[in-house]
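Q: After the sequence you'll find the predicted model.
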Amino acid sequence: MAMPDEAKVGGVVLRKVPEGKTPEHYQWKRVLEKEWAGEWGTLARLTGYRYKVGLDPSFVEELPQYKKGQLHWYEWILCENGGIIYLFDDKNMICRLLTTKQTAEKVLAAGVGAAIYLTQDDRLSHELHFPAGKLMEVCELAGARRQRKLSEEAKKKLSERLKDYRFIAPGTAIQP
């Protein structure tokens, strides 16, 4: 079954990335995404780069020829209480959430189309599957960690506060 040329995820319409091109949003880990992203881009792209995205520890151990175009399989959206959201099935656009019992109950009660796949006696005891179109809502419900974005005013304030601790390259004049 061929993948459609576009998919709707929340309010965002994603178009398949043409062969040899890079995704249109392109803020998070530019080189990594350009080199390793699949045809739909990455989970960071699906969420509009709003959340902290980590990489599966096995990413560094894989051989490059097996990672090319497969970055979406290694990405994790990090959530509160150690929860993790990641892609489960790219053909049917299904994501998986590993989380605690309390968070699983909250997600199920919200009616986002999630279903329990597995429960166990572990800290991240519940495994839920949900459509990728509901990714943004599940991220909010599961407490996905947001990217830190500073305003220009905050950047200026921090820069001023930390100017005494700045690294100065040898041979550079110190400005008062």
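A: Cool, got the structure. Values in this document were obtained by computation on a predicted structure and should not be read as measured data. Numbers count the residues shown, from 1 in each chain.
Q: any chance you could map the strands in the chain?
A: 6-9, 12-15, 53-55, 75-78, 84-89, 94-99, 115-119, 126-131 (DSSP state E).
Q: could you dump the ones you listed to CSV with distance to residue 157, mean pLDDT and mean neighbour count?
A: C-beta here means a position set from N, CA and C on the backbone, and glycine is covered the same way. Converted to CSV, the strands of the chain look like this (distance: least, CB to CB, whole Å; pLDDT from 0 to 100; neighbours: other CB atoms under 10 Å):
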stretch, distance to residue 157, mean pLDDT, mean neighbour count
strand 6-9, 35, 58, 14
strand 12-15, 32, 58, 14
strand 53-55, 27, 83, 18
strand 75-78, 27, 88, 20
strand 84-89, 33, 87, 19
strand 94-99, 36, 90, 23
strand 115-119, 46, 83, 12
strand 126-131, 40, 91, 20
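Q: Out of the ones you listed, which gets nearest to residue 145?
A: strand 75-78 (5.1 Å; CB to CB).
Q: Paired strands for that closest one, with orientation please.
A: strand 53-55 (antiparallel), strand 84-89 (antiparallel) (DSSP bridges).
Q: Run through who's touching stretch 80-89.
A: For stretch 80-89, contacts defined as CB atoms under 8 Å, 6 or more residues apart in numbering pick out 43, 56, 72-73, 75-79, 94-100, 103, 123-124, 129, 132, 135, 138-139, 142-145.
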